[in-house]
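1. Provide a 3D model corresponding to the input given below.
(2 chains)
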2 protein chains.
Amino acid sequence: MEKTVIRQLVRDIKRYADKEVEISGWIRNNRDQKSFGFINLNDGTHFNTIQIVYERDLLSNYDEVARFRVGAAVTVRGIVVETPEAKQPFEIKAKEVNLEGDSPENYPIQPKRHTREFLREVAHLRPRTNLFSAVFRVRSLASYATHKFFNEKGFVYVHSPIITASDAEGAGEMFRITTLDPKNPPVTEEKEVDFKEDFFGKKTNLTVSGQLEAESFALAFRDVYTFGPTFRAENSNTARHAAEFWMIEPEIAFADLEDDMRLAEEMVKYLINYLLENAKEEMDFFNQFVDKGLKERLENIVKSEFVKITYTEAIEKLKQSGEKFEYPVDWGSDLQTEHERYLTEKIYKKPVFVTDYPKDIKAFYMRLNDDGKTVAAMDLLVPGVGELIGGSQREDRVELLEKRMEEMDIDKEELWWYLDLRKYGGVKHAGFGLGFERFIMYVTGVSNIRDVIPFPRTVNYCEF
Amino acid sequence: MEKTVIRQLVRDIKRYADKEVEISGWIRNNRDQKSFGFINLNDGTHFNTIQIVYERDLLSNYDEVARFRVGAAVTVRGIVVETPEAKQPFEIKAKEVNLEGDSPENYPIQPKRHTREFLREVAHLRPRTNLFSAVFRVRSLASYATHKFFNEKGFVYVHSPIITASDAEGAGEMFRITTLDPKNPPVTEEKEVDFKEDFFGKKTNLTVSGQLEAESFALAFRDVYTFGPTFRAENSNTARHAAEFWMIEPEIAFADLEDDMRLAEEMVKYLINYLLENAKEEMDFFNQFVDKGLKERLENIVKSEFVKITYTEAIEKLKQSGEKFEYPVDWGSDLQTEHERYLTEKIYKKPVFVTDYPKDIKAFYMRLNDDGKTVAAMDLLVPGVGELIGGSQREDRVELLEKRMEEMDIDKEELWWYLDLRKYGGVKHAGFGLGFERFIMYVTGVSNIRDVIPFPRTVNYCEF
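-> Predicted coordinates:
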């Protein structure tokens, strides 16, 4: 008799066929047919349940087993029987079924359709449903694929800091971190809050990006990436915004915008391929129950060559389209999601890099093009989502960077070290950011960011 | 002519021998000998530099190249020449050397010994030194090995939340996160700060552990782990404390303390093996320049079977030892680092699991043993460091858990969902936490936590 898990059985059924095994897991369904019964068991190691067949003649505690409820944990000993004629490739004929942990009748996760809103209220239990089991395993596999991709290419993974004294990262509103007494903070002679008395001796925030620190490592290791939590204190209560989310930010030296786009395209294709190969059951589930056509769309993306157009060309294409947009299409204004989706879904029908945006709608660190008006930026737009990735070649000319910081009122003294990177062996370099949750939404078809984060944090919501 | 990187050259020298290549990197040293010169080039992809030989007869810009300073970035075209009789296996005979980014004379990282204190002040440049290049590549490889280890075992990686409304995680003082006006926060009728007006509608903190949330996922996926940043607002200005650090926290269901220790031992050995195999140059460097005997110690650990003793046995051994300790050895008091190191370095001379600690010195969630006095906890002690891992079997009996929470004044209503996990298909489960920085210190011999974190955050220190 061998203790094992369902993943092993499924992977190596020939080795286990006709053998006795011990499996522990949770009951997803239990149907008593008087002289025999069926339990659908899930042990968390594999998306699908396996079927346990139990018979009155073989179990001394048959009546007890027949009453085991959904959600209860059991340990089963039995023989693995191949069932080539049935839907599932094998089942287990039980010799013993014992209760490990009971589940009362009021167990919230019953074998019926629950709304996603309800399931958010029981986020501690929702990974036990098919949908969230699939989402969070895909999230885990996509994380692994990310690390694997960069490791194979020799990138160094950098744990960029979460707590920062900078508020110049330029990507949105920030959360303050403090240990001061909220009611009676220490004050200076000028009656201002005295942040010198705070834990770090200054005002500190939660990071909105690890990019600037990643640049410093790229200028030592050449190819690096960060993958960690980032934060926005934006008062946006939408299906696409969370206050806490994970970002992947590669940064590459001796590289320009073309290299950056090549890396982004390669990464997106690698991650999708990895999931299609390593999360088959989960991707089939999404394709069937969440977003019909998902797999075909993803398979097409892997095969297609991404389009590259400039922002100026994109504006022309949109104007020529004759389409009525809610927001006007004007050179100098940022593209709205409706514009982005029109470009990628209607005009090109595949992923599109839009490059060379007007400098005034982009961050201070992006490299100024020779036209003096645009910067070497790129956004990757994909069908169904719009912007998936944003990146740029970084301004490596210290005078131009300083000028831009002055124009945009960025504190040069605070970022002395960032300027140093241009003074000491500075080279052309580039990078991008991929919002990990947005990617998970894209590859699963799940449309609310709250449903792809284990315990989401949004405006006025911080439960569990 | 092929563009490549030093890592590729080193790995596949036979393919490149006698071929022309293009390499970009940073100058670590430049020695002009009038008619020829040598540049030691590092491009960040490999620990060691490679030697570029340049000759006056071959370079039109010889005099310029001869003046290139340490830290400057250059692109070299040249022929790869194997040098079997020399220290380095090959060198590059330059046909062209061009400047990519200059480095002025005041470049802080010169080819001489810098103190670690000085290098912390230029943390944005220190990855360009041998020591920090080695530390941060090892950190990256150890992260990858962690993900690889758990992925191979089918564990699901959980991104547990960083922002939490809980202050019951029980592992130390917390940082508050807020968007309230620090000077004039909104107040309630009772003149208290009105956290209902804060971003999340309640008081929120930075997490000290992802364990409780990981437990919820373990009871769905069976085997899970977290690997992310955690925080302590402790006013400890020591070489071992940081306010922000990364933790690895696996959590396994249908598992007891024995399974937990087996997993911990397997993981530690796996990670060390991975580094000995995949970071050879770096580990040799640490062994030679940071901590002589490091490699032998690590190799011994991989080969040894870890010892298991109970806390009660450990106390007896310490008392019998006759050693004079600074802190008294008494059943009921926690072991101090001096006791831990004595056990692992003097008595057993290998890693030691100490189990079954008095319940009063351990957290509320640890499973009470049948003696009613101790809990199913384990600490892994290793030579040179002391405690590396702390873990336990979790209390899965809801009545005992509630009783313990009451005794320890933990808010049961706040943790309603944690109690739920015992009510609905609850099973025995266990887990542990490994402080990632402590592990990196252990495997590199670097003794200050500030030197194993890219940009460390400590009391009164939050630069970059």
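2. count the residues that sit near residue A:179.
-> Here the number of neighbours of residue A:179 (other C-beta atoms under 10 Å in any protein chain shown) works out to 17. Bear in mind the C-beta positions are built from the backbone N, C-alpha and C, glycine included.
3. identify the residues contacting it.
-> A:198, A:199, B:173, B:175, B:176, B:233 (C-beta atoms under 8 Å, 6 or more residues apart in numbering or on different chains).
4. with residue A:282 instead?
-> The contact partners of residue A:282, by C-beta under 8 Å, 6+ apart, come to A:47, A:133, A:134, A:137, A:138, A:275.
5. so what's the residue of the stretch 251-400 of chain A found nearest chain B closest to, chain neighbours aside?
-> Closest residue of the stretch 251-400 of chain A to chain B, C-beta to the nearest C-beta: residue A:254 (4.4 Å). Spatial nearest neighbour of residue A:254, chain neighbours left out: residue B:24 (4.4 Å); criterion: C-beta to C-beta, 6 or more residues apart in numbering or on different chains.
6. contacts only, for that neighbour.
-> Shown in contact with residue B:24 (C-beta under 8 Å, 6+ apart): A:254, A:427, B:43, B:73, B:74, B:75, B:76, B:100.
7. gap between stretch A:389-401 and the chain center?
-> 26 Å (C-alpha atoms, centre = their mean, to the nearest Å).
8. do me a favour and get the end-to-end distance for it?
-> 23 Å (C-alpha to C-alpha, to the nearest Å).
9. how about it, does it reach chain B?
-> Yes. Residues of stretch A:389-401 contacting chain B under C-beta under 8 Å from any C-beta of the partner chain: residue A:396.
10. ok, now stretch A:151-170?
-> Yes. Residues of stretch A:151-170 are located near chain B by C-beta under 8 Å from any C-beta, namely A:151, A:154, A:156, A:157, A:158, A:159, A:160, A:161, A:162, A:163, A:164, A:165.
11. around chain B, pick out the residues from the stretch 201-350 of chain A.
-> Within reach of chain B by C-beta under 8 Å from any C-beta, the stretch 201-350 of chain A has these residues: A:201-202, A:204, A:206, A:213, A:216-217, A:219-223, A:228-229, A:231, A:233, A:243-244, A:246, A:253-254.
12. tell me the buried residues within those residues.
-> By neighbour count, with 16 or more other C-beta atoms under 10 Å in any protein chain shown, those hold A:204, A:206, A:213, A:216-217, A:219-223, A:228-229, A:231, A:233, A:243-244, A:246, A:253-254 as buried.
13. show the contacting residues for the residue of the stretch 251-400 of chain A closest to chain B.
-> Contacts of residue A:254 (C-beta under 8 Å, 6+ apart): A:222, A:427, A:428, A:429, B:24, B:73, B:75, B:100.
14. one more: residue A:335?
-> Neighbours of residue A:335 in contact, by C-beta under 8 Å, 6+ apart: A:311, A:314, A:343, A:354, A:379.
15. one step back: now the two most distant members of the contacts of residue B:24.
-> The largest distance within those, taken as C-beta to C-beta, falls between A:427 and B:76 and amounts to 13.5 Å.
16. and the residue lying closest to residue A:423 once chain neighbours are set aside, how many neighbours?
-> Leaving aside its chain neighbours, residue A:423 sits nearest to residue A:398 (5.9 Å; criterion: C-beta to C-beta, 6+ apart). For residue A:398, the count of nearby residues is 14 (other C-beta under 10 Å).
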